[in-house]
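For reference, the sequence and a predicted model appear below.
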Amino acid sequence: QVQLTESGGGLVQAGGSLRLSCTASGRSFSLYAMGWFRQAPGKEREFVAAHSRTERNTYYRGSVKGRFAISRDNAKNTVYLQMNNLKPEDTAVYYCAAGIGDYYAGRSFDYWGQGTQVTVSS
């Protein structure tokens, strides 16, 4: 069982930055691919970014490429999402997720955090 705890959300003006953190309980963090998803009001949850287990392979949805960066520190059991040049359309609840094994497009994730709100004002 893995428990995920997100932090770092908040209110920011358009063009600003936030860094989300997600810390996992338990051991064997490096066995999990990690992802960030978001859900805006009235919309379905969507993929934002993912990081492979230990290699430096990262994946992004098109609308955040060049603005967001996912990274992980396996020694701290933590994955980060650095979000720069934020736009009002980035407003959503952001969720961290962990999936055993490596990442591939469309894979499911096994564990989810409770979410953290990101609000970008225009």
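Nice, thanks for sending it over.

now this protein, which segments are flagged as low pLDDT?
Under the criterion pLDDT under 70, no range of the chain is flagged.

switch to 90 and redo it
1, 26-28, 54-56, 102-106 (pLDDT under 90).

That one: strands as residue ranges?
Assigned by DSSP state E, the chain shows strands spanning 4-7, 10-13, 18-24, 32-39, 46-51, 58-60, 68-73, 78-83, 92-100, 111-112, 116-121.

Quick one: residues in contact with the second one.
In other words, strand 10-13. L18, L86, Q117, V118, T119, V120, S121 (Cβ atoms under 8 Å, 6 or more residues apart in numbering). To be clear about C-beta, it is placed using only N, CA and C from the backbone, and glycine gets the same treatment.

before we move on, what about the fifth one?
Contacting residues not belonging to strand 46-51 are listed as 33-39, 57-61, 64, 68-72, 79, 81, 94, 103 [Cβ under 8 Å, 6+ apart].

Nearest spatial neighbour of S63, chain-adjacent residues omitted?
E89 (7.7 Å; Cβ to Cβ, 6 or more residues apart in numbering).

quick one: contacts for the spatially most central residue of the chain?
Residue closest to the average C-alpha location in the chain (Cα atoms, centre = their mean): W36, at 2.4 Å. By Cβ under 8 Å, 6+ apart, the residues touching W36 are L20, C22, V48, A49, A50, I70, V79, L81, Y94, Y95, C96, A97.
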